[in-house]
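K.L.:
need coordinates for the below:
(one chain, ligands or ions: 1)
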Amino acid sequence: MSDNTLHDEIAIEQQHVDRVYARLARLRADAAKAEADGYQLARVGTFGSLVERDAMVFHAARRRQAFDSEHEGLVFGRLDMHPSRIEPDEAAADPEAAGWDERPRYIGRLGVRTETAEPLLIDWRAPAAAAFYRATAAQPLGVIRRRMISSFGEKVTGLEDDLLDPSAAPEGMRVVGDGALLAALSRAKGTGMRDIVATIQHEQDLAIRSPASGVTMVEGGPGTGKTAVALHRAAYLLYSDRARFAGGGVLIVGPSPVFVEYIETVLPSLGEDTATLKSLGQLVPGYDATREETAAVRAVKGSTRMRRVLRRAAEDAPPGSPDGLRIRYRGEWLELTWRQGEEIRRRIGRGNRRNEIRAKAFGAVLDQLWEQMKAKQPRLEQARFDEELTEHEGFRDFLKAWWPLVRPVQVLGWLADPQRLRRYAEGTLSNEEQRTLVRALAPLREQGPSIDDVPLLDELQELLGDKPKPRVRRREAYTVGGVREVATSYERSRAASAAAPRENDYRDYAHVVVDEAQDVTPMQWRMIGRRGHAASWTVVGDPAQSAWIGSAGEVARARDEALGGRKRFPHQLTTNYRNSTEIFEVAAEVIRRVSPDLPLPKAVRTTGVAPVHRIVERAQLDDAVRDAVAALLGEVEGTVGVITPDARIRDRITARLSEWDTERLRVVTALAAKGMEYDAVVLVEPGLIDAGTDAGRRTLYVALSRATQRLTTIATRPWR
Ligand SMILES: Nc1ncnc2c1ncn2[C@@H]1O[C@H](COP(=O)(O)OP(=O)(O)OP(=O)(O)O)[C@@H](O)[C@H]1O
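P.N.:
Presented below is the predicted three-dimensional model:
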């Protein structure tokens, strides 16, 4: 291929790209005008015109936003199709395909048509674009040449072709470039994940476009694009059935806030803003837990056996509950013994949500006292007795202390008391597990809940219920007649979603995506399951990366319960796009010690740079980490991640690295590194992560497979 050929072909593509941008500018101007016209309509002032205006402004603003967010790299692909091979049903099923024959199909981030409705650009999620990702030389699907177009701003900068069906290539068809995927993979990483729309691979595309119903299960080793697939699938579902998925909402659950921050930029760049991203510590409204627990603590807090412990706690008397009641009323002594009170608690409380049945419990106490009073003063009316006693201060103080409204976090705190815990956990948790739990709950009051406390709080919320709310009539949000109303429903919904996204404890998502599913504990599955009763699901994970040391059977049961009997669509991803072969070889060595026969993904990129392994004196450890960071910040353009065995070492190292105040440098624990990716990684004390256990080795496998280009390990003892 001569430079001239490439130059000429770029010029041809530039012409088309210019046409698309020119048309887009026109459409954008139209949308902006429609938005302005919409506001004008308000002047007319009839109800009909207000509705029309709302719709007009809403759609116009959405269109304009989409045009703006998809500007960069708008056109990224071209398919030259064999005319006779365009499937008639494809054209029927897909309006975007209609009108495509011998002319090339251009694929991009949005669908764009000319004034005469001739397609200029096909949205990557449309069926007509699927061949761009799925065609291979073995199965060209009617594609003769697939071309990837790279751009900078509106300028075409490079082309990469695959000739898939040489026998069908018309005379003069030119083929240029060598490897758009590898070029994309070798670029430095920013702090956030990027979309992969231009280079989605065949097996990934099958998972992305898997049926919208049931459960799509995606498994694959490190760096195989599971997260990328899950996010692109969310964008695909929102495109293919917007009414269903945007209306019901898509919930995406990731392991940690760092991870959520890493992936949250991907969806808007795909043009979707209707997905809710939450880490496991944020799923329950009001909590934003980031504190991690050890594997041993997770095994206890995450076990479904905690349900029984929590149920017993939720039915128990609160600390400081009065021993009994003795009050004087109309000259008589009335009494409720502790035993009688507890009998009422058992009778009324069992199987009920205690915060919702306070009135019933109070009624039962009144009845008990009335029996005594009736015997003493037979002429007194019960209604009068009830009314007067309810006003009695001593009686009211007793009720408040005996059956107070309790919050989930209070009840969880009761478990930190070893005596109480023994009562609740007798026959359910071993003595050792009880000790572990008591220790792990000690910081609850001062530091707030840990990530693994949040599902327990959710469970308790379910068991305790809420204070019954008095019925209030909803006020209308705004009036049409009389009050001059200035906001459109679009503005209102935007303001509302900015202030309170799908609160309070929104539970009916249309689709739930669970990332890093291998580490979701049974109690976490229950928490996620409550939010997806009516949903279809995408579950992605890698069992080999799991740090769970509790019962595997329990996890499977809890997961199956959350997913219900929905049909499952399994997918396997087999290529590692993240690590260089040199880096993945080190990670593979570790996981083979746990599972010698595990099929591992194949890394596609070689850098020629071997990982560096250093052993240093304990006193030199922090300085060695500092030196490695300094060197790597110079060697790579993108991010450097320092991965530590635990939070204590993380905090110490963070202090040592304070001279760098840069977005490019991150210090995280091995657990928080799940799902993350850095251009260079400094792994501190790998031996402490390994800790001689299988779960430890799996976590080490995670930590070793985070880097794209450089890996340096620093240890005080040999670990390989
Ligand atoms: N088809 C692709 N084209 C370009 N880059 C890709 C492609 N697939 C994946 N990648 C890149 O590979 C890296 C790994 O992807 P991702 O984080 O989704 O993998 P993962 O399977 O979730 O990994 P892990 O299990 O280790 O967390 C990302 O940088 C992603 O952008």
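
K.L.:
and the residue of the stretch 551-700 of the chain found nearest the ligand, backbone torsions?
P.N.:
Going by C-beta to the nearest ligand atom, the ligand is nearest to Y577 of the stretch 551-700 of the chain, at 3.5 Å. In this view, the C-beta of every residue, glycine as well, is placed from N, C-alpha and C. The phi/psi pair for Y577 (degrees, to the nearest 10) reads phi -90, psi -10.

K.L.:
can you check G221 too?
P.N.:
phi -70, psi -170.

K.L.:
nearest spatial neighbour of G696, chain-adjacent residues omitted?
P.N.:
Spatial nearest neighbour of G696, chain neighbours left out: D690 (4.8 Å); criterion: C-beta to C-beta, 6 or more residues apart in numbering.

K.L.:
tell me the pLDDT of the residue of the stretch 1-150 of the chain found nearest the ligand.
P.N.:
Closest residue of the stretch 1-150 of the chain to the ligand, C-beta to the nearest ligand atom: Y133 (8.7 Å). On pLDDT, Y133 comes in at 88.

K.L.:
can you give me every residue that contacts it?
P.N.:
Neighbouring residues of Y133 by C-beta atoms under 8 Å, 6 or more residues apart in numbering: 200-202, 204-205.

K.L.:
list of residues touching stretch 254-269?
P.N.:
Outside stretch 254-269, the residues within contact range by C-beta under 8 Å, 6+ apart are 69-70, 191-195, 227-228, 231, 234-235, 252, 273, 275, 277-282, 288, 290, 451, 515-516, 519, 666, 668, 671-672, 674-677.

K.L.:
of these, select the buried ones using a ChimeraX command.
P.N.:
This is the ChimeraX syntax for the buried subset of the contacts of stretch 254-269, where burial follows 16 or more other C-beta atoms under 10 Å:
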select :69,70,193,195,227,228,231,234,235,252,275,277,278,279,280,281,282,290,451,515,516,519,666,668,671,672,674,675,676,677
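
K.L.:
in its sheet, which strands sit next to the helix or strand hosting N579, and in what direction?
P.N.:
Assigned by DSSP states H and E, N579 falls within strand 575-580. Here strand 575-580 is paired, per DSSP bridges, with strand 602-605 (parallel).

K.L.:
how many other residues sit next to the residue of the stretch 301-450 of the chain found nearest the ligand?
P.N.:
Residue nearest to the ligand within the stretch 301-450 of the chain (C-beta to the nearest ligand atom): G302, separated by 20.1 Å. As a burial measure, G302 scores 28 neighbours (other C-beta atoms under 10 Å).

K.L.:
who's in contact with P166?
P.N.:
So P166 contacts nothing (C-beta under 8 Å, 6+ apart).

K.L.:
what comes up buried for the longest helix seen in the chain?
P.N.:
In the chain, taking DSSP state H as the definition, the longest helix is helix 3-41. Neighbour counts over helix 3-41 (16+ other C-beta under 10 Å) mark 9-10, 13-14, 16-17, 19-21, 23-24, 27-28, 31, 34-35, 38, 41 as buried.

K.L.:
for the residue of the stretch 1-150 of the chain closest to the ligand, what is the enclosing helix or strand?
P.N.:
Going by DSSP H and E, Y133 is in helix 130-134.

K.L.:
likewise for D195?
P.N.:
Going by DSSP H and E, D195 is not part of any helix or strand.

K.L.:
who in this structure is up against the ligand?
P.N.:
By the rule C-beta under 6 Å from any ligand atom, the part of the chain lying against the ligand is 181, 184-185, 193-194, 196, 199-201, 204, 220, 222-228, 542, 545, 577-578, 675, 677, 705.

K.L.:
and if we set it to 5 Å?
P.N.:
Those residues of the chain that sit near the ligand, judged by C-beta under 5 Å from any ligand atom, are 184, 196, 199, 201, 222-228, 542, 577-578, 675.
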